[in-house]
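Trainee: sharing a model that was predicted from the sequence below.
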Amino acid sequence: MSNSWSKEDRVHFESSEVMKQLEKNLIDNYKKLEAIQNKIAADVSTQKSINQLKAMTDAATAATSALTNMNDAMNADDSEIDPDNAESPDDCIDYSDDDNLADKEAVIEDLRKMIKIALDEKEYDLVYKIERTIDSINNREVACE
């Protein structure tokens with residue numbers, strides 16, 4: 001646009017203090033925006049690095065504790081276990097009727113919730129399997145017709 005101006009207009013435009021100040025302000029603001037954008041990008045990448053480092057540290061801590069537990073279990077004094085007097089796994093489990101009944105009811109209730117979800121999703125083969133599981137928990141014989 002300034003190319004179509006007369007020489008006098010172009011000279012006044014280029015020597016105008018207002019235009020020089022406007023140009024200077026635009027350039028300064030652009031540089032400030034670039035600096036802010038670079039800082040934000042650095043903060044985001046730093047935060048991602050911190051999150052990744054934290055996740056790796058948590059995983060390493062969990063692995064270390066698991067390894068420690070495994071080493072402790074392996075280093076347990078094997079002489080305390082007498083194979084002649086070893087208890088069977090059934091001897092270690094307490095089959096109290098109240099606890100067993102409460103656990104059984106809780107499992108059956110969870111299975112019934114699963115049936116409702118499966119019915120909503122029209123997964124009828126899954127519903128059948130869950131019903132058979134409930135019947136086996138209740139020790140009911142199902143006659144096929």
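Mentor: Thanks, I have it.

Trainee: can you tell me which helix in this structure is longest?
Mentor: Ranked by residue count and defined by DSSP state H, the top helix of the chain is helix 17-74.

Trainee: could you count how many residues lie near Ile137?
Mentor: If you count neighbours by other C-beta atoms under 10 Å, Ile137 ends up with 13. All C-beta spots, glycine's among them, are computed from the backbone N, C-alpha and C.

Trainee: what's the following helix or strand after the least confident helix or strand in the chain by mean pLDDT?
Mentor: Comparing every helix and strand of the chain by mean pLDDT, DSSP states H and E singles out helix 89-92 as the least confident one, with a mean of 51. Downstream of helix 89-92, the first helix or strand assigned by DSSP states H and E is helix 97-120.

Trainee: so what touches that next one?
Mentor: Residues from elsewhere that reach helix 97-120 (C-beta atoms under 8 Å, 6 or more residues apart in numbering): 124, 126-127, 130-131, 133-134, 137-138.

Trainee: please repeat the previous calculation with a cut-off of 6 Å.
Mentor: Here helix 97-120 makes contact (C-beta atoms under 6 Å, 6 or more residues apart in numbering) with 126-127, 130, 134.

Trainee: give me the mean pLDDT for that helix.
Mentor: Across helix 97-120, pLDDT averages out at 82.

Trainee: so after that helix, what's the next helix or strand?
Mentor: Following helix 97-120 in sequence, per DSSP H and E, is helix 124-137.

Trainee: ok now that next one, how far from the chain's centre?
Mentor: Centroid separation between helix 124-137 and its chain, computed with C-alpha atoms, centre = their mean, to the nearest Å, is 31 Å.

Trainee: tell me what that helix is packed against?
Mentor: Helix 124-137 sits against helix 97-120, with contacts defined as 3 or more C-beta pairs under 6 Å, 6 or more residues apart in numbering; DSSP states H and E.

Trainee: check the offset of the helix it packs on from the chain's centre.
Mentor: 27 Å.

Trainee: relative to helix 124-137, how tilted is that helix?
Mentor: Orientation of helix 97-120 against helix 124-137 (axes from the mean of the first three to the mean of the last three C-alpha atoms, to 10 degrees) gives an angle of 170 degrees.
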